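>>> Below is the sequence, then the predicted model.
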Amino acid sequence: MKIKKNDNVIVISGASKGKTGKVLATMKDRDLIVVEGVNLKKKAQKATKAGQKGQIIEKLMPINVSNVMLVENNKPVRTGYKILKDKKVRVSKKTGKEI
């Protein structure tokens with residue numbers, strides 16, 4: 001997976017198309033990521049104690065990593081890998097710069 005935690009990404013397809021945000025979590029085994037402010041779902045939560053009210057909370061849900069692209073200079077870019085001094089680094093396909 002070429003997207004990592006704390007990367008800035010833009011959503012390129014789906015209901016949240018065009019939104020940008022920071023990656024909060026990744027699930028590599030299922031190719032899912034959680035992006036800040038994207039794919040919010042409302043969920044009803046029951047009262048946990050007597051005398052407490054139930055409430056509706058907004059929960060961040062994961063989206064597929066194929067629906068996002070990395071952002072560089074406020075533009076989406078494709079990413080690749082290069083080997084530099086026995087180290088594998090991510091690079092921008094557009095500029096060739098290290099990410």
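Noted; the coordinates are in hand.
>>> What's the biggest strand in the protein, counting residues?
In the chain, with assignment by DSSP state E, the single longest strand is strand 20-27.
>>> helices or strands up against the following helix or strand past that strand?
Moving toward the C-terminus from strand 20-27, the first helix or strand encountered (DSSP states H and E) is strand 32-35. Strand 32-35 sits against strand 8-11, strand 20-27, strand 63-64, with contacts defined as 3 or more C-beta pairs under 8 Å, 6 or more residues apart in numbering; DSSP states H and E. (C-beta placed from N, C-alpha, C; glycine too.)
>>> Export these to a markdown table and append columns for mean pLDDT and distance to residue 87.
Below are the helices and strands packed on strand 32-35 laid out as a markdown table (pLDDT from 0 to 100; distance: least, C-beta to C-beta, whole Å):
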| stretch | mean pLDDT | distance to residue 87 |
| --- | --- | --- |
| strand 8-11 | 96 | 23 |
| strand 20-27 | 97 | 21 |
| strand 63-64 | 96 | 28 |
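>>> winner for burial among these?
Each of these was assessed for mean neighbour count using mean count of other C-beta atoms under 10 Å. The highest is strand 8-11, with a mean of 20.
>>> now the end-to-end length of stretch 31-48.
Across stretch 31-48, the terminal residues are separated by 33 Å (C-alpha to C-alpha, to the nearest Å).
>>> What lies in contact with that stretch?
Among residues not part of stretch 31-48, those counted as contacts by C-beta atoms under 8 Å, 6 or more residues apart in numbering are 1, 3, 9, 11, 14-16, 19, 21-27, 53-66, 68.
>>> just the strands in this structure please.
In the chain, the segments counted as strands under DSSP E are 8-11, 20-27, 32-35, 40-45, 55-60, 63-64, 68-72, 75-77, 79-84, 87-92.
>>> Out of the helices and strands packed on strand 32-35, flag the one nearest residue 95.
Taking C-beta to C-beta as the measure, the helices and strands packed on strand 32-35 were each checked against residue 95, and strand 8-11 came out nearest at 15.6 Å.
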